[in-house]
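A.B. asks: Mind looking at a prediction? Sequence and model below.
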Amino acid sequence: MTIAKSKWARSWRAAGRNICLKGNPADIERAENELPKANSQLVDAIEAISEGFVLFDSDERLVICNAKYKQLHTIAAHMMVPGARFEDIIRTAAKDGQHPSAIGRIEEWVAERLAQFRNPGQSRDQELADGRWLHYSERKTRDGGTVGIRADITRLKKTEEALVKSETRFRDFATSASDWFWEMDESLRFSYFSRRFSEVTGVAESHLLGKTRQETGIPNVDEAAWEQHLADLAAHRPFRAFVHPRTNEFGAILWFSINGTPIFDGDGNFKGYRGTGSDITQQIHTESLLRESEQRLKAIMDHVPAALFLKDLDCRYLLTNRQYEEWFGISSAAAAGKTAHDLFPKEYADRHAIGDLRTDGDWRVTADEVNLPGSCGESRDFISTKFPIFDAGEATGFGGVMIDITKRKSAEEALRVSNQRLEAHHRRLRQELNTGRDMQAALLPSRSQFQSIEQKYLCRVESHFETSSELGGDFWGLREIDDHRLGIFLVDFSGHGVGAAMNTFRLHTLMSEMPPPDSPAAFLTELNGQLIELLSRGQFATMLYAIIDTRMHSITYSSAAALNPLIGYPDRKRSIFAESRGKPLGISARAVYTDRRLDFPAEAYLFLYSDALTEARVPDGGMFGSEALQSLLDGRPDPSGSIRVPEIVSQFKARVCLPLMDDLTTVCLQR
């Protein structure tokens, strides 16, 4: 870099000569010798500046600029020589496309830039054609020249742009989510509600903003839940599922569930709350219908003029009605889980158990006349009819009807009425079970969700789900984690029927309240802890949860006693059974689950299935087995083509004995 031969440069040298003239010859010689050194030091200082530096004289000609300045203006760098006119430099840069804002209006842009240069004001930002951003700062010197500083702020601009996009994305999520978001300040006053709040609740945000919970109040809220909620807020504790009602403008009662998390700064100072709210009106309504259904069932049984009971396969009482209690002095609660020999003296217990072994052995209806003492010791004659109970072809226990035939005619009439009522009950129960089946099917991913996921993650998902009865205990789903990670899981609850189905609803509710996990093992651990508190003794679930990472081409999974998943690779002739360990969910609080990671490249597939597929009976009496399943997948006419689940299920059913004794679920995800 050199200093230009301009007015400024000439003044610099003249000043040096004037100083020298006033000294003696030795001083003059020393000063003249030091001038090049001073000039070199000035140049080095300017070159050391991290930003671009430029100086123009009062005639708008270039005096000096550092290498950084030229690096920032590469297109016009060849023009930046001492004595070059500022106007010529910027016109060349504009014509060569350095400034996008000058395209199509070069002369106008040059005039605007000259005006800014001659009358510099506030600093400004300028975008260049290559996407970089420069910060321009210009000031006038005392002799009429202009000094300029250029700083590359591209990274800052990108950070600002990313922040704006992030804030926009959050606002989009907040306005499109079915739930709503809310915030409180450090004084526990509401400070923010997302737009969905007013849309769902019908309450204007202005009615709550700036107020505390005590000031807003909630009509008709459960007092104990309200006091606990206020105590949590006062203690700055997190809370979940604070449920309360609210009547909308049409008089309908809506139910909401509120969750909140306290916020603390880096020094541990409380700064307020953030939380979410959900409309759970439909859930509350469904739970109410289920309770009413159970109450109707018990009411029907209690009004049958006969002693009714249900027993399991071990001849233990499951349920008795009020008439049974009145005749024999044993309540339903006292009888539950016990055999007749646990409840009565052996002589009478043998009479109560007449027909049990025949019904429980060859599944025939039996009818026996027995003589038993009543609750007051009086002798009565009964017709004890016992019948097996099947669940989709599988015997689950048997029931009994005991008719007092002491007065023959009245007993026969009572039996006829009882049968009519029981049939009506079965019809109503069937309708309710059909409703429950539809609700359970609604928990599974929809076709539209399949299409969305297939487009987003460039994969194909097919499934087959059928219960062994009206309701089942299998449940599977997909969870979007981010733009390249997709969660997939399969759950199989123990048992069948209403109990197993209710557990799938419980699990679905738990999972919907939990964020998509980064670790399948951690997710299973948390679910296990919650299910231990919820499930009854003897109930449990097996589960496999996997995360497909399309960016890393991998699959990470963890198993709670689930069946070994099958994974197929495009470069292998045979699929492999991935390792699967871990205790079932809901059994042990000390259960430990482990993440396992495998490669999962493009065109690979993951095949999940319930035990109905491998434990189905074949004609020779054995089980279908996992090797036969593997052969079905590997023996396709075109092993490199897509897995067609309907074809796999069709071939499977052609080889096994039907009907199946368990719920059948299969899911295939192929990249």
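C.D. replies: Right, received. Where do you want to start?
A.B. asks: pLDDT weak spots in the stretch 351-500 of the chain?
C.D. replies: 360, 409-415, 469-470 (pLDDT under 70).
A.B. asks: got the residue ranges for the strands in it?
C.D. replies: Here the stretch 351-500 of the chain has its strands, by DSSP state E, counting those that start in this stretch, at 366-373, 379-391, 394-404, 460-466, 474-480, 485-493.
A.B. asks: how about these in CSV, adding mean neighbour count and distance to S446?
C.D. replies: C-beta here means a position set from N, CA and C on the backbone, and glycine is covered the same way. Converted to CSV, the strands of the stretch 351-500 of the chain look like this (neighbours: other C-beta atoms under 10 Å; distance: least, C-beta to C-beta, whole Å):
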stretch, mean neighbour count, distance to S446
strand 366-373, 15, 48
strand 379-391, 17, 28
strand 394-404, 19, 30
strand 460-466, 18, 11
strand 474-480, 22, 10
strand 485-493, 24, 15
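A.B. asks: between the ones you listed, which one is nearest to S278?
C.D. replies: Closest approach to S278 among the strands of the stretch 351-500 of the chain (C-beta to C-beta): strand 474-480, 17.2 Å.
A.B. asks: Now tell me what touches the closest one from outside.
C.D. replies: Residues from elsewhere that reach strand 474-480 (C-beta atoms under 8 Å, 6 or more residues apart in numbering): 440, 443-445, 449, 453, 456, 461, 463, 465, 467, 486-493, 504, 507-508, 511, 516, 608, 610, 663-665, 667.
A.B. asks: How many residues are close by S288?
C.D. replies: A count of nearby residues for S288, using other C-beta atoms under 10 Å, gives 10.
A.B. asks: Just the element for it, please.
C.D. replies: Using DSSP states H and E, S288 maps to helix 281-302.
A.B. asks: pLDDT (mean, whole number) over that helix?
C.D. replies: Mean per-residue pLDDT for helix 281-302: 85.
A.B. asks: what angle sits between the helix or strand just after that helix and strand 379-391?
C.D. replies: Next in sequence after helix 281-302, counting helices and strands by DSSP H and E, comes strand 307-311. Using axes from the mean of the first three to the mean of the last three C-alpha atoms, to 10 degrees, the inter-axis angle of strand 307-311 relative to strand 379-391 is 40 degrees.
A.B. asks: Packing partners of the helix or strand following strand 307-311?
C.D. replies: Counting by DSSP H and E, the element after strand 307-311 in chain order, helix or strand, is strand 317-320. Contact here means 3 or more C-beta pairs under 8 Å, 6 or more residues apart in numbering; DSSP states H and E; on that basis strand 317-320 packs against strand 307-311, helix 332-335.
A.B. asks: Just the buried positions in the next helix or strand after strand 317-320, please.
C.D. replies: Counting by DSSP H and E, the element after strand 317-320 in chain order, helix or strand, is helix 322-328. Across helix 322-328, burial judged by 16 or more other C-beta atoms under 10 Å covers R322, Q323, Y324, E325, W327, F328.
A.B. asks: which other helices and strands contact helix 322-328?
C.D. replies: Contacts defined by 3+ C-beta pairs under 8 Å, 6+ apart place helix 322-328 against helix 281-302, strand 307-311, helix 332-335, strand 394-404.
A.B. asks: Restrict the helix holding S288 to CA atoms and write it as PDB.
C.D. replies: The C-alpha coordinates for helix 281-302 follow below in PDB (Å, rounded to 0.1, in the frame of the first residue of the first chain):
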ATOM      1  CA  THR A 281     -64.200 -31.800  27.000                       C
ATOM      2  CA  GLN A 282     -64.500 -34.900  24.800                       C
ATOM      3  CA  GLN A 283     -62.300 -36.900  27.100                       C
ATOM      4  CA  ILE A 284     -64.400 -36.000  30.100                       C
ATOM      5  CA  HIS A 285     -67.600 -36.800  28.200                       C
ATOM      6  CA  THR A 286     -66.100 -40.200  27.200                       C
ATOM      7  CA  GLU A 287     -65.100 -41.000  30.700                       C
ATOM      8  CA  SER A 288     -68.600 -40.100  31.900                       C
ATOM      9  CA  LEU A 289     -70.200 -42.400  29.300                       C
ATOM     10  CA  LEU A 290     -68.000 -45.300  30.400                       C
ATOM     11  CA  ARG A 291     -69.000 -44.700  34.000                       C
ATOM     12  CA  GLU A 292     -72.600 -44.600  33.100                       C
ATOM     13  CA  SER A 293     -72.200 -47.800  31.100                       C
ATOM     14  CA  GLU A 294     -70.700 -49.600  34.100                       C
ATOM     15  CA  GLN A 295     -73.400 -48.300  36.300                       C
ATOM     16  CA  ARG A 296     -76.100 -49.400  33.900                       C
ATOM     17  CA  LEU A 297     -74.500 -52.900  33.800                       C
ATOM     18  CA  LYS A 298     -74.500 -53.100  37.600                       C
ATOM     19  CA  ALA A 299     -78.000 -51.700  37.800                       C
ATOM     20  CA  ILE A 300     -79.300 -54.300  35.300                       C
ATOM     21  CA  MET A 301     -77.600 -57.200  37.100                       C
ATOM     22  CA  ASP A 302     -78.900 -56.000  40.500                       C
END
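A.B. asks: Show me what that helix is in contact with.
C.D. replies: Contacts for helix 281-302 (C-beta under 8 Å, 6+ apart): 243, 253-255, 308, 319, 321-323, 421-422, 425, 428-429, 432, 439, 502, 509.
A.B. asks: among the strands of the stretch 351-500 of the chain, which is nearest R574?
C.D. replies: strand 460-466 (20.7 Å).
A.B. asks: now that closest one against strand 474-480, angle please.
C.D. replies: 160 degrees.
A.B. asks: What is the least confident helix or strand in this protein?
C.D. replies: When the helices and strands of the chain are scored by mean pLDDT, DSSP states H and E, helix 7-21 comes last with a mean of 45.
A.B. asks: A561 is in contact with G582, correct?
C.D. replies: Yes. Here G582 lies in contact with A561, judged by C-beta atoms under 8 Å, at a distance of 5.7 Å.
A.B. asks: Could you check which of those two is surrounded by more residues?
C.D. replies: When neighbours are counted by other C-beta under 10 Å, G582 and A561 differ, and G582 comes out ahead with 21 against 18.
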